[in-house]
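next come a sequence and a model predicted from it.
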Amino acid sequence: MPAPKERDLEQTRKDLEAWLATRLPDATEVRVGEISGPGTTGFSSDTLMFDADWRTGGVEVNESLVARVRPSGMTVFPEYDIARQYRIQEILGASDVPMAPMHWLEEDERFLGAPFYVMGRVEGRIPTDNPPYHTGGWVTGIEPAEREALWWSAVDALAAIHRVDWRATRLDFLERPGATPLDAHLAEYEHMHRWVGGRPKPQVEQALRWLRDQQPREAEPTVLAWGDARIGNMVFRDGRCAAVLDWEMAALGSPELDVAWFLFLDRHHSEGVGAERLAGFPSREATVARYEEKSGFSVRHLHYYEVFAALRFTIIMARVAQQMTHYGVLPSESNFEVDNPCSRLLATLLELPPPGTA
């Protein structure tokens, strides 16, 4: 997908090399190799992969690294806090959640034009979003037994995230104003819906009203919610989750926020795009049972939180559609902002008219 501007990868390599030398004052012969990965900026993230080597005390060090740079241009979210993401991942590095090692946070914009952090690269494979992993990519070529193992490992990693004691690990900086965490989440997406604007989206308006009217009234457990819980944000090696990535949507909230998002994103990548789920992937019922066993939390309001997942993804997809139109990926007359697999599934969940109809 094109982005607002092309990054000069050779100049970025030189900039990273100069920056790294400042972070390694006792090192000599600091070198950054060729940068791979996305060479553009401006969508949900700007990711740069590179190898670096240097000498310290006569010993040569080689590292495979990844830099995540705050995106520029027309962004997906109203805010994008690199320091917050770094801090979450750094804290989780001391837990039993599989994480990439976090190395440095740089908040000075003069090096790469925006704040960024650098982490170690975890070897493995990530299920594809484009094409959705039920229709293409490496997941279609493995045996059903490996798909099952991959899925269970992902569920176990999700349960491990929710078992983290967010108070004891000083993740309480994620607390937000609101009578409950769910109130704060609903307010966030009401705000994001207004921020996105664009074409009228009656299904979104109706879903927001339904979510306010039907929200659970009893007290719910509060955990560290990953936010973007899906296998497409995990690195897998030998059928096991080796690292959990992408923490820009993390917040405190009900564990069902993540369980529902995890299931909805898989539904989007199959039913949403008109494809059957691949053999080997466990059922929704089995997934919930495994999650409850591993986490210790009960899933009581799955339909409610799946509607919320569909609503959240529909608003995000509307913004992505606006980006794609703005940067010439979609024609100006495209109706994808309103009518897409997310909005169709949202309408299905609430038995609403299909999107795009009067």
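Alright, I've got the coordinates.

could you use CA atoms for every contact and neighbour count after this?
Noted.

so how many other residues sit close to Met324?
22 (other CA atoms under 10 Å).

low pLDDT regions in the stretch 251-358 of the chain?
Residue ranges of the stretch 251-358 of the chain with pLDDT under 70: 357-358.

please enumerate the strands of it.
Secondary structure of the stretch 251-358 of the chain (DSSP state E, counting those that start in this stretch): strands located at 251-253.

helices of that one, start to end?
In the stretch 251-358 of the chain, the helices defined using DSSP state H, counting those that start in this stretch lie at 255-268, 284-295, 302-326, 341-349.

between these, which one is closest to Ala52.
Nearest to Ala52 among the helices of the stretch 251-358 of the chain is helix 302-326; the distance by CA to CA comes to 33.4 Å.

so who does Pro331 touch?
Applying CA atoms under 8 Å, 6 or more residues apart in numbering, we find Pro331 in contact with Thr325.

no no, Met99
Gln89, Leu92, Gly93, Ala242, Ala243, Val244, Leu245.

which ones among those map onto helices?
When the contacts of Met99 are checked against helices (DSSP state H), the matches are Gln89, Leu92.

selecting buried members of the contacts of Met99 in PyMOL, what would you type?
With 16 or more other CA atoms under 10 Å as the criterion, this PyMOL line picks the buried residues out of these:
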select buried, resi 89+92+242+243+244+245
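
what's the average pLDDT for the helix or strand hosting Phe236?
Element membership for Phe236 (DSSP states H and E) is strand 234-237. On average, the pLDDT along strand 234-237 is 97.

buried ones in it, by neighbour count?
Going by 16+ other CA under 10 Å, strand 234-237 has these buried residues: Met234, Val235, Phe236.

do the same with stretch 94-108
For stretch 94-108, burial by neighbour count (16+ other CA under 10 Å) applies to Ser95, Val97, Pro98, Met99, Ala100, Pro101, Met102, Trp104, Leu105, Glu106.

thought Arg163 was touching the second one, still the case?
Just to be clear, that refers to Val97. No: applying CA atoms under 8 Å as the test, Val97 and Arg163 come out as separate, 9.4 Å apart.

contacts only, for the residue located most distally from the centre of the chain.
Distance from the C-alpha centroid of the chain, by CA atoms, centre = their mean, peaks at Gly58 (40.1 Å). By CA under 8 Å, 6+ apart, the contact list for Gly58 is empty.

among the buried residues of stretch 94-108, which ones are in strands?
Met102, Trp104, Leu105, Glu106 (DSSP state E).

thinking again about what came up before, check the gap between the residue farthest from the centre of the chain and Glu29 for me.
Between Gly58 and Glu29 the computed distance is 11 Å (CA to CA, to the nearest Å).

and the strands in the stretch 51-200 of the chain?
Counting by DSSP E, counting those that start in this stretch, residue ranges of the strands within the stretch 51-200 of the chain are 59-69, 102-106, 116-120.

go through the ones you listed and pick out the most buried.
Ranked by mean neighbour count, the strands of the stretch 51-200 of the chain are led by strand 116-120 with a mean of 21 (mean count of other CA atoms under 10 Å).

contacts for that strand, please.
Under CA under 8 Å, 6+ apart, the answer for strand 116-120 is 63-70, 82-83, 86, 100-107.

kindly recompute the last result at 10 Å.
With CA atoms under 10 Å, 6 or more residues apart in numbering as the test, strand 116-120 has contacts from 46-51, 63-71, 81-83, 85-86, 89-90, 99-109.

angle of that strand against strand 102-106?
170 degrees (axes from the mean of the first three to the mean of the last three CA atoms, to 10 degrees).

can I take it that Pro25 is in a helix?
No: per DSSP: H, G, I helix; E, B strand; the rest coil, Pro25 lies outside any helix segment and is coil.

and it, how close does it get to Gln215?
Taking CA to CA, one finds Pro25 at 54 Å from Gln215.

who's more crowded, the two?
Gln215 (15 against 9).

any idea how far Thr128 is from the closest residue to the more buried one other than its chain neighbours?
In this structure, Gln215 finds its nearest non-sequential neighbour in Tyr304, 7.3 Å apart by CA to CA, 6 or more residues apart in numbering. Counting by CA to CA, the gap from Tyr304 to Thr128 is 27 Å.

pull the CA atoms of stretch 325-343 into CSV?
Extracted in CSV, the C-alpha atoms of stretch 325-343 (Å, rounded to 0.1, in the frame of the first residue of the first chain):
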residue,chain,number,x,y,z
THR,A,325,-8.7,7.3,-1.2
HIS,A,326,-6.5,10.2,-0.1
TYR,A,327,-3.3,8.5,-1.4
GLY,A,328,-4.9,7.3,-4.6
VAL,A,329,-5.1,3.6,-3.8
LEU,A,330,-9.0,3.7,-4.1
PRO,A,331,-10.9,6.0,-6.5
SER,A,332,-12.8,8.9,-5.0
GLU,A,333,-16.2,7.3,-5.9
SER,A,334,-15.3,4.1,-3.9
ASN,A,335,-17.8,3.2,-1.2
PHE,A,336,-15.3,1.1,0.8
GLU,A,337,-15.4,3.5,3.7
VAL,A,338,-19.0,2.5,4.4
ASP,A,339,-19.3,-0.9,2.8
ASN,A,340,-16.5,-3.4,3.6
PRO,A,341,-16.2,-6.8,5.3
CYS,A,342,-16.1,-5.3,8.8
SER,A,343,-19.2,-3.1,8.3
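
what comes up buried for it?
Neighbour counts over stretch 325-343 (16+ other CA under 10 Å) mark Thr325, Tyr327, Phe336, Glu337, Val338, Asp339, Asn340, Pro341, Cys342, Ser343 as buried.
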